[in-house]
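1. Sequence first, predicted coordinates after that:
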Amino acid sequence: MQAWAEQGRLPTIAIKEVRGATTITLDSRDLITVTKSDAIRDLRTPKEQADAWSTTIQAALEEAQTRRKPAELRRSIAVAIAIVVITGLGFWRLGRLQTTLSQHPINQLQQLLRGRVKRDGIPIQIRQVGLAIGLWILRYSWWIAAIFYISQLFPATQNFGYNLTQIIITSFSARIFPLGGEQYSLIDLLILLAGFLILVIGSTVVTNLLRTRILQFAGIGSGSQQAIATLTRYTLIALGTMVILQLWGLDLSSLALLASALGVGIGFGLQNIARDFGSGLILLFERPIQVGDFIEVGDFRGTVDRIGARSTMVKTLDQVAVIVPNSYFLENQVVNWSHDSPLSRISIPVGVSYDADPELVQTLLLQAGNNHKGVRSIPHPQVLFQGFGDSSLNFELLVWIIEPNRQPIIRSDLNFGILTLLRQHDIEIPYPQRDLHIRTGQSSLEQNTD
């Protein structure tokens with residue numbers, strides 16, 4: 001047929017029947033024999049099927065000859081150039097838009113899975129993830145579609161496009177991956193991965209909505225909200241995984257060997273991860289620390305920002321995120337300033353001169369404590385007279401606050417206020433004093449000389 005298309009003339013298409021067989025001929029040459037099995041699929045007789053195929057062959061030959069005309073080739077070249085220019089500009093513009101998102105879609109996806117939440121319960125990155133991945137797919141799909149379309153414009157490249165399409169379809173649909181006694185194709189694996197991705201993102205969105213739209217309005221504390229949301233997310237992922245594998249056609253009993261190997265791996269190489277995961281469950285149930293608690297762990301203080309399956313993120317006062325394994329909280333001493341009650345006490349030591357009036361000093365220290373907005377009126381601020389120092393009368397101001405994370409700021413404000421009040425009343429804060437005694441008289445060396 002390619003030879004007739006290149007000759008510039010149409011062959012004579014005819015249908016003949018020889019010994020009950022219907023055959024399509026081109027210029028008296030047999031092309032194809034139509035059998036009953038070919039016709040029965042379309043509910044036709046062999047003669048009707050041969051007529052339909054003859055019409056299709058006639059149209060294909062006419063189109064092939066038309067595309068080989070010089071005017072049609074020039075038009076195809078112009079169309080191909082226009083498609084390349086438009087695709088290149090679109091690829092560049094979409095790249096600029098993707099750069100505006102500032103991160104690769106995989107990094108966006110990782111941030112999404114961390115569960116950062118907006119006020120409405122929708123993850124902060126959910127729209128950025130969808131847009132970034134969509135733009136990335138669109139950019140390269142645009143070029144692939146353009147190449148395939150251009151290959152269909154020219155007769156010399158039509159076979160290339162057709163053969164490449166068949167190779168891609170065969171490669172993706174070939175069942176070459178054995179699992180559980182069955183063979184699976186690359187398309188099956190991509191569908192499985194897409195299902196898991198949708199499951200993880202969907203469970204994240206559902207649990208965030210549960211926490212912000214239901215648990216929050218139910219008056220449940222933030223720590224309890226985090227625990228319920230985390231357990232709900234893991235449950236949804238576990239149940240969803242079993243459902244996806246069943247729908248995918250995988251027999252779960254065939255995974256028994258894999259589960260046994262995984263158990264051995266956990267017993268040896270993954271025992272630390274398993275310990276952290278178990279500690280995370282204990283933290284969620286016993287709740288010695290909760291999201292929003294101000295804690296002191298090791299050498300740093302900070303607010304619990306997130307309690308995950310394996311680790312907990314603590315934001316320090318310098319807004320530095322510290323990732324702490326969950327097992328650390330159960331194996332080491334942790335100071336939780338917000339446990340049960342956020343009420344905590346601040347102690348401000350003050351030393352004044354021996355010439356100062358102790359009662360006036362007590363009044364001024366109480367005034368400094370009561371004037372600060374962050375200090376609680378109940379329990380009342382107290383002033384203790386600690387004793388007599390080497391060069392000062394030692395007092396201590398005790399105040400109560402309900403914002404443990406603001407201790408450094410409140411302590412600094414109180415120190416400024418105390419210093420201002422003491423200076424207004426001419427009360428001196430003495431420097432440490434030392435007495436130096438110098439003995440006079442002749443030294444032993446001078447006496448021997450005499």
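-> On my side now, so go ahead.

2. need the helices for the stretch 51-200 of the chain, in chain order.
-> 70-100, 105-113, 126-151, 155-173, 186-209 (DSSP state H, counting those that start in this stretch).

3. Save the ones you listed as a markdown table, and put in mean pLDDT too.
-> Below are the helices of the stretch 51-200 of the chain laid out as a markdown table (pLDDT from 0 to 100):
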| stretch | mean pLDDT |
| --- | --- |
| helix 70-100 | 82 |
| helix 105-113 | 51 |
| helix 126-151 | 76 |
| helix 155-173 | 74 |
| helix 186-209 | 84 |
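
4. and residue 412, which of those is closest to it?
-> Nearest to residue 412 among those is helix 105-113 (35.0 Å), distances taken as C-beta to C-beta. Placement of C-beta: from N, CA and C, glycine included.

5. Distance from the helix or strand containing residue 306 to the middle of the chain?
-> Applying DSSP states H and E as the criterion places residue 306 in strand 300-307. Computed by C-alpha atoms, centre = their mean, to the nearest Å, the chain-centroid distance of strand 300-307 equals 19 Å.

6. For it, name the packing helices and strands.
-> Counting contacts by 3 or more C-beta pairs under 8 Å, 6 or more residues apart in numbering; DSSP states H and E, strand 300-307 is packed against helix 222-248, helix 271-286, strand 294-297, strand 311-316, strand 321-325.

7. between it and strand 321-325, how big is the angle?
-> For strand 300-307 against strand 321-325, the angle by axes from the mean of the first three to the mean of the last three C-alpha atoms, to 10 degrees is 70 degrees.

8. How much space separates residue 341 from residue 381?
-> For residue 341, the distance to residue 381 (C-beta to C-beta, to the nearest Å) stands at 18 Å.

9. So which of those two has more stuff around it?
-> A count of neighbours by other C-beta atoms under 10 Å puts residue 381 above the other of residue 341 and residue 381, at 22 against 8.

10. What separation do you get for the more buried one and residue 358?
-> 17 Å.

11. give me the number of residues near residue 142?
-> Residue 142 has 16 nearby residues by other C-beta under 10 Å.

12. Wait, it touches residue 92, no?
-> No: counting by C-beta atoms under 8 Å, residue 142 sits too far from residue 92 to count as a contact (11.2 Å).

13. distance between the ends of stretch 348-361?
-> By C-alpha to C-alpha, to the nearest Å, the extent of stretch 348-361 from end to end equals 13 Å.

14. Would you mark the buried spots in that stretch?
-> 348, 350, 351, 352, 356, 361 (16 or more other C-beta atoms under 10 Å).

15. right, and the helix or strand after the strand or helix carrying the second one?
-> Yep, that's residue 350 we're talking about. Counting by DSSP H and E, the element that carries residue 350 is strand 344-352. Under the assignment DSSP H and E, the closest C-terminal helix or strand after strand 344-352 is helix 358-371.

16. Quick one: mean pLDDT for that following helix?
-> Confidence over helix 358-371 (mean pLDDT, whole number) is 92.

17. Tell me the helices and strands packed up against that helix.
-> strand 344-352, strand 382-388, strand 393-401, helix 407-424.

18. so which of these gets nearest residue 172?
-> For the helices and strands packed on helix 358-371, the distance to residue 172 is smallest for helix 407-424, at 60.2 Å, taking C-beta to C-beta.

19. Now do the buried residues in the closest one.
-> Buried, per 16+ other C-beta under 10 Å, within helix 407-424: 407, 410, 413, 414, 417, 418, 421, 422.

20. Residues contacting it, please?
-> 317, 344, 346, 348, 350, 352, 361, 364-365, 367-369, 371-372, 374-375, 397, 399, 401, 403, 428-429 (C-beta atoms under 8 Å, 6 or more residues apart in numbering).

21. Just the buried residues out of the residues you listed, in PyMOL syntax.
-> Buried residues within those, by 16+ other C-beta under 10 Å, are selected in PyMOL with:
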select buried, resi 344+346+348+350+352+361+364+365+368+369+372+374+375+397+399+401
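
22. Can you list the low-confidence ranges for the stretch 301-450 of the chain?
-> Scanning the stretch 301-450 of the chain for pLDDT under 70 picks out 433-435, 440-450.

23. So what are the sheet partners of the strand holding residue 350 and their directions?
-> Take DSSP bridges as the rule and strand 344-352 pairs in its sheet with strand 393-401 (antiparallel).

24. tilt between the partner strand and helix 358-371?
-> Using the same axes, to 10 degrees: strand 393-401 against helix 358-371 is 20 degrees.
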